[in-house]
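Participant: any chance you could fold what I've pasted below:
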Amino acid sequence: MKLEGIAFKFGDDINTDYIIPAKRLTSVTVMKEVARYLMEDLDPDFVRRIKPGDLIVAGENFGCGSSREAAPWVIKEAGIGGVVAKSFARIFFRNAINIGLPVICANTDTIENGDHLIIDLSAGMIRDIERRCIVKSEQMPPIMVRMLEEGGIVPFLRKHKGLREIDAGGVS
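Facilitator: Next up is the predicted model:
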């Protein structure tokens, strides 16, 4: 699975309230509508500047704070192709994979805001076109890549009627 988009870089400790403020979850209930407020406290123009497939890039501990399942949902609904960060809060990471939002662990120090990135999840590699360099990322297990390709854990389980024998290539 490959992702391609422009990097929108944020710092460390981007919590779920920065991703989507709780006040927005009480006033609007349709996730596509809530996505209009993605990252509004950090960058009020963020949603107007992104294009489908663009990427959020961050430092340590992305998605920390409350275990708000809406946080990865609004990122996906806004059209973001994936999130690259040095590390993720455990619950955010799990929620993202569950809904089919790619989350990639990598050293993001050399990636700058506006860089054009091409990510190969299976190979564990990020090509930064502007910097003409390769950034190594954690290689995703084939089963996780398959879940992402199929839209998350629920569509994956429906399609495969639960988990069957898993081999190195994914699902048998």
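Participant: what's the burial count for residue 117?
Facilitator: 24 (other CB atoms under 10 Å). (Glycine included, C-beta is placed from N, CA and C.)
Participant: what's the helix or strand harbouring it packed up against?
Facilitator: According to DSSP states H and E, residue 117 maps onto strand 116-120. Packing partners of strand 116-120 (3 or more CB pairs under 8 Å, 6 or more residues apart in numbering; DSSP states H and E): strand 2-9, strand 55-58, strand 82-85, strand 125-128.
Participant: who are the packing partners of the helix or strand immediately after the third one in the chain?
Facilitator: Toward the C-terminal end, the helix or strand that comes next after strand 82-85 (DSSP H and E) is helix 90-99. The helices and strands touching helix 90-99, judged by 3+ CB pairs under 8 Å, 6+ apart, are helix 70-77, strand 103-105, helix 142-149, helix 153-160.
Participant: quick one: contacts of helix 90-99?
Facilitator: 16, 62-64, 67, 69, 71-73, 75-76, 83, 88, 102-103, 144, 147-148, 152-154 (CB atoms under 8 Å, 6 or more residues apart in numbering).
Participant: just the buried ones among those residues, please.
Facilitator: Among the contacts of helix 90-99, those buried by neighbour count (16 or more other CB atoms under 10 Å) are 16, 62-64, 71-73, 75-76, 83, 88, 102-103, 144, 147-148, 152-153.
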